[in-house]
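# Sequence unavailable; structure follows:
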């Protein structure tokens with residue numbers, strides 16, 4: 001009998017079958033987290049071209065209210081089915097903080113980003129998507145301000161490089177346009193502030209360790225919806241915006257279905273799940289998928305990026321990847 005055939009043989013030199021099995025399981029979990037993040041960022045990337053069309057028929061405030069009204073209802077049903085009748089119990093977590101994060105994440109992000117996209121005009125989807133890819137670098141700056149500790153010089157340089165890429169996208173390579181067209185500042189400022197609000201919402205998930213990703217998504221969205229509707233109602237009552245007509249609602253129905261079911265429910269849930277598995281340091285790399293998806297979808301619909309805009313997207317993506325690699329090596 002061949003003893004070698006009947007005895008345990010390591011799968012890799014120095015590795016037992018048990019260790020190999022654990023390694024395989026770890027790789028399987030990592031792959032699962034990667035697929036969650038990939039699905040989320042693809043849905044986010046398609047969101048901006050979809051909104052470009054919707055914003056020609058309806059204001060971003062009313063659309064956001066309808067979007068999250070549908071998404072919150074669907075999420076509540078999913079939570080009840082998944083976690084049972086006690087799914088909405090607090091479990092000792094602060095509801096006031098959940099409301100604040102929901103308001104910041106859904107009202108703040110939804111209103112400001114899409115208002116900025118509307119003001120940015122024809123290239124709004126491209127501009128917004130590339131700014132989404134700068135969120136990890138924006139997060140570094142925010143943490144540095146809060147902690148009063150400057151980030152490493154390499155990181156600061158890469159943050160600057162990423163915003164140079166953003167400038168190329170906004171101006172189509174004509175950087176002087178920033179001076180000649182001051183409206184770019186207001187649109188871009190709104191988008192950046194909205195992205196910062198989404199970062200706050202993402203970081204806030206760590207505070208709710210007792211809640212599942214589905215519960216955090218559902219509860220914060222439902223509580224944030226109260227703020228969304230209140231702001232929208234005030235704008236309608238003060239006649240800052242007009243109620244959409246039946247024709248407008250019919251025109252945006254397909255966009256509303258995508259934004260509610262795919263982007264808001266599936267996308268946000270996948271993002272929160274992926275972040276829990278991979279940790280934010282790994283998950284942020286998938287933000288590069290957002291502008292890539294947006295650029296492809298925009299090109300298909302007739303808004304073809306210029307060479308300068310494509311270069312700007314590559315510059316911003318390279319800055320994100322290089323900073324991630326630098327932080328890993330430094331750690």
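Everything's here; your move. On a predicted model such as this, the values are computed, not experimentally measured, just so you know.
# Can you name the residues that contact residue 233?
Counting by C-beta atoms under 8 Å, 6 or more residues apart in numbering, residue 233 touches no other residue. For every residue, glycine as well, the C-beta is placed using N, CA and C.
# and if we set it to 10 Å?
61, 65 (C-beta atoms under 10 Å, 6 or more residues apart in numbering).
# That one: which element?
Secondary structure assignment for residue 233, by DSSP states H and E: helix 213-237.
# Tell me how far that helix lies from the chain's centre.
Its chain's C-alpha centre and that of helix 213-237 lie 17 Å apart, by C-alpha atoms, centre = their mean, to the nearest Å.
# burial of residue 296, as a residue count?
Using other C-beta atoms under 10 Å, residue 296 is surrounded by 14 other residues.
# I'd guessed it sits against residue 290; true?
No. At 11.2 Å, residue 296 does not count as touching residue 290 under the criterion of C-beta atoms under 10 Å.
# overlap in contacts of the two?
Counting by C-beta under 10 Å, 6+ apart, the contacts common to residue 296 and residue 290 are 45, 46.
# And the helices in the stretch 51-200 of the chain, which stretches?
Remark: helices assigned in the stretch 51-200 of the chain by DSSP state H, counting those that start in this stretch are 60-83, 95-102, 109-120, 124-132, 135-147, 153-171, 177-180, 183-204.
# Would you tell me which one of those is buried the most?
Looking across those with neighbours counted as mean count of other C-beta atoms under 10 Å, the highest average goes to helix 124-132: a mean of 28.
# Now the phi/psi pair for residue 240, please.
phi -70, psi -30 (degrees, to the nearest 10).
# residue contacts, it?
59, 61, 234.
# try residue 288
Contacts of residue 288 by C-beta under 10 Å, 6+ apart are 41, 45, 132, 133, 136, 313, 314, 316, 317, 318, 320, 321.
# Now flag whichever of those is closest to residue 263.
residue 45 (9.8 Å; C-beta to C-beta).
# what's the burial count for the closest one?
27.
# Where among the helices of the stretch 51-200 of the chain is average confidence lowest?
The minimum mean pLDDT among those belongs to helix 177-180 (a mean of 57).
# returning to that earlier point: from the contacts of residue 240, pick the one nearest residue 81.
residue 61 (31.1 Å).
# quick one: the closest residue in space to the closest one that isn't next to it in sequence from residue 197, how far?
Nearest residue to residue 61 in three dimensions, chain neighbours excluded: residue 232, at 4.8 Å (C-beta to C-beta, 6 or more residues apart in numbering). Note on residue 232: its distance to residue 197, by C-beta to C-beta, to the nearest Å, is 17 Å.
# try residue 306
Taking C-beta to C-beta, one finds residue 306 at 30 Å from residue 197.
# do residue 319 as well
With C-beta to C-beta as the criterion, residue 319 and residue 197 are 22 Å apart.
# ditto for residue 209
Applying C-beta to C-beta to residue 209 and residue 197 gives a distance of 22 Å.
# Could you do residue 52 as well?
For residue 52, the distance to residue 197 - C-beta to C-beta - is 21 Å.
# same check, this time on residue 304
31 Å.
# swap in residue 225?
For residue 225, the distance to residue 197 - C-beta to C-beta - is 15 Å.
# that older thread, adding secondary structure, write the contacts of residue 288 out as CSV.
Formatted as CSV, these follow (DSSP: H, G, I helix; E, B strand; the rest coil):
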residue, secondary structure
41, helix
45, helix
132, helix
133, coil
136, helix
313, helix
314, helix
316, helix
317, helix
318, helix
320, helix
321, helix
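# JSON lines for these, including distance to residue 68?
Shown next, in JSON lines, are the contacts of residue 288 (distance: C-beta to C-beta, whole Å):
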{"residue": "41", "distance to residue 68": "20"}
{"residue": "45", "distance to residue 68": "20"}
{"residue": "132", "distance to residue 68": "19"}
{"residue": "133", "distance to residue 68": "24"}
{"residue": "136", "distance to residue 68": "25"}
{"residue": "313", "distance to residue 68": "29"}
{"residue": "314", "distance to residue 68": "33"}
{"residue": "316", "distance to residue 68": "28"}
{"residue": "317", "distance to residue 68": "30"}
{"residue": "318", "distance to residue 68": "34"}
{"residue": "320", "distance to residue 68": "28"}
{"residue": "321", "distance to residue 68": "32"}
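# Just the buried residues of those.
41, 45, 132, 133, 136, 313, 316, 317, 320 (16 or more other C-beta atoms under 10 Å).
# Could you find the closest non-adjacent residue to the residue sitting nearest the centre point of the chain?
Note on the chain: the residue nearest the mean C-alpha position is residue 44, at 6.2 Å, using C-alpha atoms, centre = their mean. Closest residue to residue 44 apart from its sequence neighbours, by C-beta to C-beta, 6+ apart: residue 290 at 5.1 Å.
# returning to what we had before: go through the contacts of residue 240 and name the one nearest residue 32.
Nearest to residue 32 out of the contacts of residue 240 is residue 61 (C-beta to C-beta; 36.6 Å).
# In contact with that closest one, which residues?
107, 110-111, 114-115, 228, 231-236, 240-241.
# Right, I'll leave it there.
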